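S.K.: how would this look folded up:
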Amino acid sequence: MGVTLRGVNLGYMGLDKSLLVNKPEHVGSTYQCPAIAYILETPQGRILWETGLSARCSDEWLAEWREVVDLGAVTPEACLELRLKQLGLGPEDFRYVVQGHLHTDHAGGLRLFEDAGAEIVVHEAEYAHVMSLDTDRDFFARVDWAFLGDKKPTLIPGGSMEIADGVRLVHLPGHTPGQMTMQVDLASTGTVLLTSDALYHHENYVEPTGEPQIYWDIEKWRTSLELLGRLARENDAWLFPGHDETGIQHFDSRQELKAIRFDEGYTYA
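M.R.: Numbering: from 1, shown residues only. Below you'll find the predicted structure:
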């Protein structure tokens, strides 16, 4: 059995595109920003990559977050629990739940797995950071991951670690202290890099590039983006950004934009 990958669109947030790609032409331009999860089938079990928004985010988010992000289209039907049901799956069907980072638009569904038996995986730097927070701030909502204080997750140390055959986690800090990218090696598709917010959007990467306005440490984000690019070139990889339905495919010394498929039933193998 090889590794397979399928994308799950978890709804759209409305926001000013310049928050993700700070170019003059994007200021005042509303971007329908997708929340995204991925399901991997591996010889070691089923893996969920990130959990999107909580179905209760409109009530749980701080007012200052709701001022910059329109949650009007984030319905329960778009969020993880019901999307999994549509796919014939539930929280108990996963061996691992891996969080690239713990911002609330990526970890809002994590609490579904509190008692599901899945192994929750985060980077040790991310876990240390959120456990030090005594209030919601910087798009970290404690309600998403507070249970991890009592049920400590599996922590990824250092720079990288393989968690299943053909599946490796790489630490690329900058967006948050423990931001990770997942490298997935597929037999036919080739290498795919699920970037989470180490790369928000293809315009952060493709010339002329634009940097984000939301970050923890912009210098570390830049360094991590360079490392991500090197990893992509070395593996002829296809980059799947954290909030985009367009990826960047590398071929030898060139690259091209390619749509990422999220239609139900479509699988990358």
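S.K.: quick one: strands adjacent to the helix or strand harbouring I120?
M.R.: Here I120 sits within strand 119-123, counting by DSSP states H and E. Strand 119-123 has the following strand partners under DSSP bridges: strand 96-98 (parallel), strand 154-156 (parallel).
S.K.: relative to H243, how far out is the closest residue to H123 other than its chain neighbours?
M.R.: What sits nearest to H123 in space, not counting adjacent residues and going by CB to CB, 6 or more residues apart in numbering, is G178, at 3.4 Å. For glycine as for every other residue, the C-beta is placed from the backbone atoms N, C-alpha and C. Distance of G178 to H243, given as CB to CB, to the nearest Å: 18 Å.
S.K.: same check on L62?
M.R.: 20 Å.
S.K.: likewise for V184?
M.R.: 19 Å.
S.K.: check S224 too.
M.R.: On the measure of CB to CB, S224 and H243 end up 16 Å apart.
S.K.: what do you get for A141?
M.R.: Taking CB to CB, one finds A141 at 18 Å from H243.
S.K.: returning to what we had before: hey, which of the strands paired with strand 119-123 is tucked in deepest?
M.R.: For those, the largest average neighbour count (mean count of other CB atoms under 10 Å) is found in strand 96-98, namely a mean of 25.
S.K.: same question for it, mean pLDDT?
M.R.: In this model, strand 96-98 has an average pLDDT of 98.
S.K.: what's next to it, contact-wise?
M.R.: 45-51, 110, 113, 118-122, 163-164, 169, 180, 182 (CB atoms under 8 Å, 6 or more residues apart in numbering).
S.K.: before we move on, back to that, L62 and H243: which has the busier surroundings?
M.R.: H243 (25 against 13; other CB atoms under 10 Å).
S.K.: quick test: name the residue nearest the centre of this structure.
M.R.: Centroid check for the chain by CA atoms, centre = their mean gives S196 as the closest residue, at 3.2 Å.
S.K.: wait, that residue touches F240, no?
M.R.: No - judged on CB atoms under 8 Å, S196 makes no contact with F240 at a distance of 9.4 Å.
S.K.: ok, residues contacting stretch 15-31?
M.R.: 14, 33, 68-70, 200-201, 203-204, 208, 210-214, 243.
S.K.: from those residues, pick the one nearest A232.
M.R.: Nearest to A232, judged by CB to CB, of those is N204 at 12.9 Å.
S.K.: now do the helices in the protein.
M.R.: Secondary structure of the chain (DSSP state H): helices at 57-60, 63-66, 80-86, 104-107, 124-131, 142-145, 218-234.
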